[in-house]
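# What follows is a predicted structure for the sequence shown.
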Amino acid sequence: MASRNQNRPPRSPSTRKELGDENPLDKRRRLGAIGRAVGPTGSGRTRQPFAVVNNSQDVTTAANAEECPNHEFTKEEVEAILNEKPKAKKFDLKAKYEHAVEHNKRLKLCLKWFQQCDGNHVLDKEKLKNSLESAEKKCTDIELEKKNKEEELNAVISELRDNNASLQEKFSKEVSEKLDAIDRHRSENEARVTAEKSVASLAEELEKAQQDIAAANERAASLDNTHKRLQEYILSLQQYNSKLITDLETVRESLKRVEKEKLTIVENLSTLRGHCSSLQEQLTLSRASQDDAVNQKETLVNEVKCLRGELQQVRDDRDRQVSQVHALSAEVVKYKESTGKSFAELDNLTMKSKSLEETCSSQREQIRILELQLAAANEKLKMVDLSASEIRMEYLEQKRIIQERQDRLADMEHKLIEGENLRKKLHNTILELKGNIRVFCRVRPLLPDDSAAEGAIVSYPTSMESLGRGIDLIQSGQKYPFTFDKVFNHEASQQDVFVEISQLVQSALDGYKVCIFAYGQTGSGKTYTMMGRPEAPEQKGLIPRSLEQIFQSSQSLQAQGWKYKMQASMLEIYNETIRDLLSTNRSIGSDPIRPESAVSGKQYTIKHDANGNTYVSDLTIVDVSSITEISSLLRQAAQSRSVGRTQMNEQSSRSHMVFTLRISGINEGTEQQVQGVLNLIDLAGSERLSRSGATGDRLKETQAINKSLSCLSDVIFALAKKEDHVPFRNSKLTYLLQPCLGGDSKTLMFVNVSPDPSSVGESLCSLRFAARVNACEIGVPRRQMTLRPADSRLSYG
């Protein structure tokens, strides 16, 4: 503890009056000795990291289990414990110590109760998730079954459509064949009209033809009846199908067209009947003419009997009559030939009528089959409707249950978030009381250029105590576990990282000194974590996001009477030389080996004042009032920073960059004034010469970087061992970080780890160094708030 005052100037009596609440170092040592000597609870007690406190909570709370068994804390009680202040007298150290011990006991009890509540909330959340998954699985099964049934019904309906379409095609073919038969019949009637003039001896054949025509008429009538019944059935089928599917409207239109064609067929049949009646009338006329011919024959026979005697005389007349008979016989042969043709055509018509009857019978059978299929489809549809209604009721019930469980899950998540926020607040309070440096670990994702390996070298424990805080590194088959305040895996975004440090950044506006720096080997993602890619909103680093939050919060606090003035500066430590990144005389692409002081004539010297503030002489300080001004300064600094290419990193930072924002706030209503400092530091990455292949200027840069990081390690080791002398002056980096590492500021370190198997040795060294940093105690943070105007110089905390 004596090492904290070695690098500070002696305090004047005025400063001792201003800092009257703080105990001198000798009194602190005596207080520690008294605390170690009082009672069994204070014997051999030293400050330990947060993980050790968690492991020892069972022992400490077991002694107090009889006093407050199963005690539950409310939000008001927790806030009362956090805001409780010692009521002892000013120099009553023993009473203050006893009150602090009692206050720590209550805090530990409260932490244990919150851990139990957290575990119960996690178990309830898992149960709700399991029940929700089972319900969703059941719903998906029901939906799949419903879809299968719907597909079966669609298949049946498609089969009915296909059958109906085939029937319509067959019916249209039959209609066309009937029309062709009618046309042929018309042509036959015309030929028959011309042939009836010479038909007299074929009455019997005509009678047979009339009987055949009558039979054909009866068959046509029966066909009409069947067509009527088929039309009625099709109409009913159309009415039913119109209720289910609108696509069958086209079928109804085609059936209407068939009906119209049927009407035309009926009209043609009526015309045929008229032709048959006219043929009957002609037949009667032919019969009458035949009777007249028979009478004439009888008279001729009588005349032949009378004229037998005169037969010899009329031989010439007989020869003439024979010639006439030959002519008539030729005519008769011709007539018989024409009648034979008509008979053949009549046979063809009878065959066609028989084929029509067969098609009609097949259509009746198909219609009967379709009726059976339609009845079965109706039964299936009724069953499907019933099952669909039941499934719908079950689905609504399951939906209601899922909604209730989702509401409960949302409530539990809200309570879990509140508990997590309260746990973070308690954790931050304990860390502030212990004075430890907070350490966050971040693992970058694997890159395409990384070497392939048989397995991953980084794993994350899943236990409740180490979830989100533990990391395991595997080297040569051996596992090395580490526990930090927070661990971010390779899937964590820039926003996820910033959410965890947003409260720490907010402390700068409240008057605290805040320091955040990134440590790790080269190529592990330090610059991406701190700066990111400002041109991409989702990939902005901690520095741009922190500054945006600072300006947004300062604007919101204006309503409470606060007015803030902010000053920014940026520098880099290159080869143990300080360079001003905001200097107007600095030219981009200048010689990196030549010191800047030799060009501009400025001497950048690190100085500490009596109040514990640190500043650099001749450093450019810029007043900023908006985020746009800060963004332009960041771009200018990024262009001026020293960056080089090595075998391990395409764009490797060759210097330590320090961004400082000095915040001065005044409340006009309460006349309070706060002085806050925000230091954001991007350290250069450690690297091995065997892997980086650095030569020439890069070799000098690597040696300077490794030397300054080695000095930082020496300082951490000295702080961890609580040595009297801490070597802050061995390096400009450690001397600049002296208030952050050995003062009263809130300090957070990001240790960046590469998952590349070829870098497992460097990653293990980084994690071990981070564990030592996490165990260091640097003192309780102190808020800088006065009622008088403070010095306007920019300090580094």
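It's in.

# make it CA atoms for all contacts and neighbour counts henceforth
OK.

# just the strands in the stretch 501-650 of the chain please.
Secondary structure of the stretch 501-650 of the chain (DSSP state E, counting those that start in this stretch): strands at 513-520, 562-574, 577-580, 606-608, 614-616, 622-624, 643-644.

# Just say which of those is most tucked in.
Among those, strand 513-520 has the highest mean neighbour count (mean count of other Cα atoms under 10 Å), at a mean of 26.

# elements contacting it?
Packing partners of strand 513-520 (3 or more Cα pairs under 8 Å, 6 or more residues apart in numbering; DSSP states H and E): helix 494-509, helix 526-530, strand 672-682, strand 746-753, helix 760-774.

# Mind doing that once more with 7 Å?
Packed against strand 513-520 by the contact rule (3 or more Cα pairs under 7 Å, 6 or more residues apart in numbering; DSSP states H and E) you find helix 526-530, strand 672-682, strand 746-753.

# what about dumping the CA coordinates of that strand to PDB?
Taking Å, rounded to 0.1, in the frame of the first residue of the first chain, the C-alpha atoms of strand 513-520 are listed here in PDB:
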ATOM      1  CA  LYS A 513     -12.300   8.500 -13.400                       C
ATOM      2  CA  VAL A 514     -12.900   5.700 -15.800                       C
ATOM      3  CA  CYS A 515     -10.200   3.700 -17.700                       C
ATOM      4  CA  ILE A 516     -10.900   1.000 -20.300                       C
ATOM      5  CA  PHE A 517      -8.000  -0.600 -22.100                       C
ATOM      6  CA  ALA A 518      -7.600  -3.600 -24.400                       C
ATOM      7  CA  TYR A 519      -4.800  -6.100 -24.000                       C
ATOM      8  CA  GLY A 520      -3.700  -9.200 -26.000                       C
END
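
# quick one, it and helix 760-774 angle?
Inter-element angle recorded for strand 513-520 and helix 760-774: 160 degrees (by axes from the mean of the first three to the mean of the last three Cα atoms, to 10 degrees).

# mean confidence score for strand 513-520?
Averaged across strand 513-520, the pLDDT comes to 89.

# could the helices and strands packed on strand 513-520 go into JSON lines alongside mean neighbour count and distance to residue 622?
Formatted as JSON lines, the helices and strands packed on strand 513-520 follow (neighbours: other Cα atoms under 10 Å; distance: least, Cα to Cα, whole Å):
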{"stretch": "helix 526-530", "mean neighbour count": "23", "distance to residue 622": "21"}
{"stretch": "strand 672-682", "mean neighbour count": "24", "distance to residue 622": "15"}
{"stretch": "strand 746-753", "mean neighbour count": "25", "distance to residue 622": "24"}
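
# ok so, going back, quick one: which of the strands of the stretch 501-650 of the chain is nearest residue 136?
Checking these against residue 136 by Cα to Cα gives strand 513-520 as the closest, at 44.8 Å.

# for the strands of the stretch 501-650 of the chain, which one sits closest to residue 142?
strand 513-520 (53.8 Å).

# Show residues contacting the closest one.
If you take Cα atoms under 7 Å, 6 or more residues apart in numbering as the criterion, strand 513-520 is touched by 508, 526, 676-683, 685-686, 740, 745-753, 766, 797.

# who does that strand pair up with?
Strand 513-520 has its sheet partners listed here by DSSP bridges as strand 672-682 (parallel), strand 746-753 (parallel).

# how many neighbours does residue 170 have?
Number of residues near residue 170 (other Cα atoms under 10 Å) recorded here: 14.

# next one: residue 412
For residue 412, the count of nearby residues is 17 (other Cα under 10 Å).

# Give me the secondary structure label for it.
helix (DSSP: H, G, I helix; E, B strand; the rest coil).

# list the contacts for it?
Neighbouring residues of residue 412 by Cα under 7 Å, 6+ apart: residue 121.

# now the strands paired with strand 513-520 as CSV including mean pLDDT and distance to residue 545?
Formatted as CSV, the strands paired with strand 513-520 follow (pLDDT from 0 to 100; distance: least, Cα to Cα, whole Å):
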stretch, mean pLDDT, distance to residue 545
strand 672-682, 88, 12
strand 746-753, 90, 16
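
# For residue 323, which of those strands is the nearest?
strand 746-753 (134.4 Å).

# orientation of the closest one relative to helix 494-509 in degrees?
Following the same axes, to 10 degrees, one obtains 160 degrees for the angle between strand 746-753 and helix 494-509.

# Show the backbone phi and psi for the most centrally placed residue in the chain.
Nearest residue to the geometric centre of the chain (Cα atoms, centre = their mean): residue 491, 15.1 Å. With angles defined as degrees, to the nearest 10, residue 491 sits at phi -90, psi -10.

# just to revisit the earlier point, quick one, which of the strands paired with strand 513-520 is nearest to residue 186?
strand 746-753 (101.9 Å).

# Centre of the chain to that closest one, how far?
On the basis of Cα atoms, centre = their mean, to the nearest Å, strand 746-753 sits 32 Å off its chain's mean C-alpha point.

# Pull it out as CSV, backbone CA atoms only.
Only the C-alpha atoms of strand 746-753 are listed here, as CSV (Å, rounded to 0.1, in the frame of the first residue of the first chain):
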residue,chain,number,x,y,z
LYS,A,746,-12.7,2.6,-12.1
THR,A,747,-10.6,0.4,-14.3
LEU,A,748,-11.7,-2.3,-16.8
MET,A,749,-9.3,-4.4,-18.9
PHE,A,750,-10.4,-6.3,-22.1
VAL,A,751,-8.2,-9.4,-22.7
ASN,A,752,-8.6,-10.4,-26.4
VAL,A,753,-7.9,-14.0,-27.2
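
# who touches it?
The contact list for strand 746-753 (Cα under 7 Å, 6+ apart) reads 437-444, 513-520, 524-526, 740, 763, 766, 770, 781.

# one more time with 6 Å, if that's ok
437-443, 514-520, 524, 763, 781 (Cα atoms under 6 Å, 6 or more residues apart in numbering).

# List the residues that contact residue 510.
Residue 510 neighbours (Cα under 6 Å, 6+ apart): none.

# on that earlier part again, apart from its chain neighbours, what residue comes closest to the residue nearest to the centre of the chain?
The spatially closest residue to residue 491, leaving aside those adjacent along the chain, is residue 445, at 7.3 Å (Cα to Cα, 6 or more residues apart in numbering).

# that's a helix at the one you found, yeah?
No: using three-state DSSP, the secondary structure at residue 445 is coil, not a helix.

# do you know how far it is from residue 358?
As for residue 445, its distance to residue 358 is 80 Å (criterion: Cα to Cα, to the nearest Å).

# Check residue 383 too.
Per Cα to Cα, residue 383 is found 38 Å from residue 358.

# Over to residue 333?
In this view, residue 333 and residue 358 are 38 Å apart by Cα to Cα.
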